[in-house]
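Novice: sequence and predicted structure are below.
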2 protein chains.
Amino acid sequence: MRQPAKNSQRLSVAAELIAVLVAVTIGQPRVMTIERGQSLPSGPFELGHRSLQSGLRDWVEQQTRHPLGYIEQLYTFADRDRAANGSAQRVVSISYLALTREEQAAPADKAAWRNWYDYFPWEDHRAGVPSALADVIVPRLKTWADSADDRPTHNDRWQRAAIAFGLDGYAWNEELVLQRYELLYEAAFVEEADRSHGPDTLLSVFGRAMQADHRRILATGIARLRAKIKYRPVVFELMPPTFTLLQLQRTVEALAGRLVHKQNFRRLVEQQELVEETGAMTADTGGRPAKLYRFRHGVLAERPAAGTKLPLSRG
Amino acid sequence: MRQPAKNSQRLSVAAELIAVLVAVTIGQPRVMTIERGQSLPSGPFELGHRSLQSGLRDWVEQQTRHPLGYIEQLYTFADRDRAANGSAQRVVSISYLALTREEQAAPADKAAWRNWYDYFPWEDHRAGVPSALADVIVPRLKTWADSADDRPTHNDRWQRAAIAFGLDGYAWNEELVLQRYELLYEAAFVEEADRSHGPDTLLSVFGRAMQADHRRILATGIARLRAKIKYRPVVFELMPPTFTLLQLQRTVEALAGRLVHKQNFRRLVEQQELVEETGAMTADTGGRPAKLYRFRHGVLAERPAAGTKLPLSRG
DNA sequence: TTCTTTATGCTCAAGGTAAGCATATGCCCT
DNA sequence: AGGGCATATGCTTACCTTGAGCATAAAGAA
């Protein structure tokens, strides 16, 4: 079982750790990048690392200068094209989602926080459905589907587009970030799929490109996070120690890319006993002063079972 | 960013692929094993493999002699202790969940299907809560919690046990397979945690052990599958081409380890339009003949968006 | 003061879900 | 043939969750 098969060869690979490091600052979702926003931070798995996760933690903390809260593995893949040289060496990339707060320290070196909607403009529906969707993306998807050689391919393309982008009676599903990006890639609308694009071709429509498959990894991270906030209290890691309910709501909305009903949001958060009042108030909000809350102690330990359930089911 | 740090060393690792291969046969959940049930099938990532997933597919199909349907990545980890020799070599293990049907071919060689509840007897609640839970497991967990040196540790242990095993007002949650196994491991009740156990110590209570961390990986796979059947129509891959609604229900129950309300199950399956009647009936069921169904064509393509939603929310 | 903005409490209607009742339709046994 | 049994299948009810809107409170700004 463990012997290599006939025409195979035991492979020695290099392991690379890639992080989708997320924060939310004044209502905007942010992702840590390097190389002028073109890459996600990544580094090799080294001998001194106790485990993959601690390896990731080690050098991400070295870069951002503060401890990471939540870390979760995303996906592992081996890319044939990434062979370092002509040898049998390949790279196995192990990607992670990590959450933190931007405030804590200035990022080192060339690292910089970016709004993640710079990379996925079509994902932000907080101010309504982006006009670029109806004006540019959907028509082009239709053209792309119509250009299929045969009918089955056409139907398949259009069906997938309809599901992913909420057309033809399907509702927009904010979790389908990866499916949407992959469709745009397959249709060669994004720069990664066709590097002959000029550097700023429709940047505001199809978003900023990244190196190699980093934008795909970012999409995976966003999708995972959007799914997770609905049943696990991970928002914690993104919030300051004390906050108003509206701030909490804005954070969730930033991640989900859609607005939620304020009263229902409060009701849900309160009845789940996720938070408790600090007793203090803040008047920084512009209107009636808001109560300040903190997360209830022990929620982190308890919630692996229960779940948070935020009102993000529909629109 | 990509330069190795000071006291680190570029690491070359071997990549190992591990499969949790699942089938359901006459109402029992089955997992493919090798080495007298002590190991999950696993093999090295080789040069001839186009990708990690196709590598897994290649040799699992070679072993089971039929194509795999669904494959999904579970988790990747690097184990310090598994260094092949004294060198810098380490093993990165990438585990997958795969679904198939047992009938299709006899497994090769020493491979054998086993009932997965042989490894997790406490997970099968279809015939009611297993008596070993109340009789042995819970009392021992209590003893273990009480034996903590300090109060915080005690509280933490007991809280985790209560959540995982549905005590103190918490409901049993069939998805917490991994948490339960890890608790039993931490408390050193399972053989893997304490190899000085006699070979059959309380086999019927704490289940059959596996090599290294394979039982943990199996637990991860079961947990993932139990979560997935609730919102994705993955049961398909486990069913024969045509089946009765009760057979479908029994398959879901086998996976979930709990019974569901028959009428509600039917309603849900039908209203989701997952299946269609074949027109044929079967009288093999013992009572009134049942209609035969097949899965609706295109469900696989469509469902990445929607979800299946089986009635497994509570008890 | 009046308007604007945010906070907060409450109610209602629609839809979904758990559970149970009732009936249908076959087989097996006597 | 009839009774008992086992499964299939339709329908109803009570309850809970969730989306949405109305109304009021409490500040600062015009």
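Specialist: That came in fine, so what should we check first? All of these numbers come straight from a predicted model, not from anything done at the bench.
Novice: C-alpha only now, for contacts and for neighbours.
Specialist: OK.
Novice: all strands of the stretch 151-300 of chain A, in order?
Specialist: A:275-282, A:290-295 (DSSP state E, counting those that start in this stretch).
Novice: among the ones you listed, which is the most enclosed?
Specialist: Of all the strands of the stretch 151-300 of chain A, strand A:290-295 carries the top mean neighbour count, a mean of 19, counting by mean count of other C-alpha atoms under 10 Å in any protein chain shown.
Novice: what's that strand packed up against?
Specialist: Here strand A:290-295 touches helix A:245-256, strand A:275-282, going by 3 or more C-alpha pairs under 8 Å, 6 or more residues apart in numbering or on different chains; DSSP states H and E.
Novice: can you list the buried residues in stretch A:31-39?
Specialist: For stretch A:31-39, the neighbour count (16 or more other C-alpha atoms under 10 Å in any protein chain shown) marks A:31, A:32, A:33, A:34, A:37, A:38, A:39 as buried.
Novice: lowest-confidence member of these, which is it?
Specialist: Minimum pLDDT for these is recorded at residue A:34 (90).
Novice: isn't it right up against residue A:41?
Specialist: Yes: using C-alpha atoms under 8 Å, residue A:34 makes contact with residue A:41 at a distance of 6.0 Å.
Novice: closest point of chain A to DNA strand D, which residue?
Specialist: In chain A, the residue that lies nearest DNA strand D is residue A:288 (3.6 Å; C-alpha to the nearest atom of the strand).
Novice: for that residue, give its distance to chain B.
Specialist: Distance, residue A:288 to chain B, by C-alpha to the nearest C-alpha, to the nearest Å: 39 Å.
Novice: and for that residue, the neighbour number?
Specialist: 10 (other C-alpha atoms under 10 Å in any protein chain shown).
Novice: same thing with residue A:231?
Specialist: Residue A:231 has 16 neighbouring residues, counting by other C-alpha under 10 Å.
Novice: my read: residue A:250 touches residue A:29, true?
Specialist: No: with contact defined as C-alpha under 8 Å, residue A:250 and residue A:29 do not form a contacting pair (10.1 Å).
Novice: one step back: just name the closest of the buried residues of stretch A:31-39 to residue A:224, please.
Specialist: Checking the buried residues of stretch A:31-39 against residue A:224 by C-alpha to C-alpha gives residue A:31 as the nearest, at 14.1 Å.
Novice: on the three-state scheme, residue A:94 is what?
Specialist: What DSSP: H, G, I helix; E, B strand; the rest coil gives for residue A:94 is strand.
Novice: ok, it - contacts?
Specialist: Applying C-alpha atoms under 8 Å, 6 or more residues apart in numbering or on different chains to residue A:94 gives the contacts A:15, A:16, A:17, A:18, A:73, A:74, A:75, A:76, A:77, B:76.
Novice: tell me the secondary structure for the fourth one?
Specialist: In the three-state summary, residue A:18 is assigned as strand, counting by three-state DSSP.
Novice: next, count neighbours for it.
Specialist: Residues near residue A:18, counting by other C-alpha under 10 Å, number 27.
Novice: which strand residues bridge it?
Specialist: On the basis of DSSP bridges, residue A:18 is bridged to residue A:42, residue A:95.
Novice: these two touch, right, it and residue A:93?
Specialist: Yes: shown here, residue A:18 and residue A:93 form a contact pair, counting by C-alpha under 8 Å, at 7.0 Å.
Novice: related to what we said a few turns ago, using CSV, lay out the helices and strands packed on strand A:290-295 together with mean pLDDT and distance to chain B.
Specialist: Formatted as CSV, the helices and strands packed on strand A:290-295 follow (pLDDT from 0 to 100; distance: least, C-alpha to the nearest C-alpha, whole Å):
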stretch, mean pLDDT, distance to chain B
helix A:245-256, 95, 16
strand A:275-282, 90, 19
